[in-house]
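*Asks:* need the 3D shape of this:
(one chain, ligands or ions: 1)
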Amino acid sequence: MTMFNIEGADGLTHEIDVPSGRSLLDACRKGGLPMEGLCGGELACSTCHVVVAPQWIERLPRASAEEEDMLDLLPNTVAGSRLACQIRASDATDGLCVRLMPMVEGAA
Ligand code: FES
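*Replies:* Numbers count the residues shown, from 1 in each chain. Have a look, this model is predicted:
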């Protein structure tokens, strides 16, 4: 199991574990956190926007060109912006800290 630390809009950090290979989007859903994830991980929306904590940015595999393209559609990206459906649970991501980003109109 991989533990993700996910800060919600309420400012609280939720510790949610998922089996290896599952996505951060899956973890948010398991935890009942407010994330749309409209396309189900097909890189066709941007409704799974999260911000990775600074100390984790370089530890994650780089975003693919397709993920970068989808992030470019969002008006509120910041350093550390990623799509939760593209981050996988593994030994390398155990303990990952992220913050949910609020939904923006037209992101899908
Ligand atoms: S769920 Fe659609 S891009 Fe992540």
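*Asks:* tell me where the chain has helices.
*Replies:* With helices called from DSSP state H, the chain shows them at 24-30, 54-57, 65-71.
*Asks:* make a markdown table from those and add distance to Val98, mean neighbour count and mean pLDDT to it.
*Replies:* From N, CA and C alone the C-beta is placed, and that goes for glycine too. Below are these laid out as a markdown table (distance: least, C-beta to C-beta, whole Å; neighbours: other C-beta atoms under 10 Å; pLDDT from 0 to 100):
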| stretch | distance to Val98 | mean neighbour count | mean pLDDT |
| --- | --- | --- | --- |
| helix 24-30 | 7 | 22 | 97 |
| helix 54-57 | 8 | 13 | 97 |
| helix 65-71 | 14 | 14 | 97 |
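*Asks:* make a markdown table out of those and add distance to Ala44.
*Replies:* Shown next, in a markdown table, are the helices of the chain (distance: least, C-beta to C-beta, whole Å):
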| stretch | distance to Ala44 |
| --- | --- |
| helix 24-30 | 13 |
| helix 54-57 | 24 |
| helix 65-71 | 8 |
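*Asks:* now tabulate the ones you listed in TSV and tack on distance to the ligand.
*Replies:* Compiled in TSV, the helices of the chain are given as follows (distance: least, C-beta to the nearest ligand atom, whole Å):
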stretch	distance to the ligand
helix 24-30	6
helix 54-57	18
helix 65-71	6
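*Asks:* what are the ranges of the strands in this protein?
*Replies:* 2-7, 13-18, 49-52, 81-83, 97-100 (DSSP state E).
*Asks:* looking at those, which is closest to the ligand?
*Replies:* strand 81-83 (4.5 Å; C-beta to the nearest ligand atom).
*Asks:* do the closest one and the ligand meet?
*Replies:* Yes: part of strand 81-83 sits near the ligand under the criterion C-beta under 6 Å from any ligand atom, namely Leu83.
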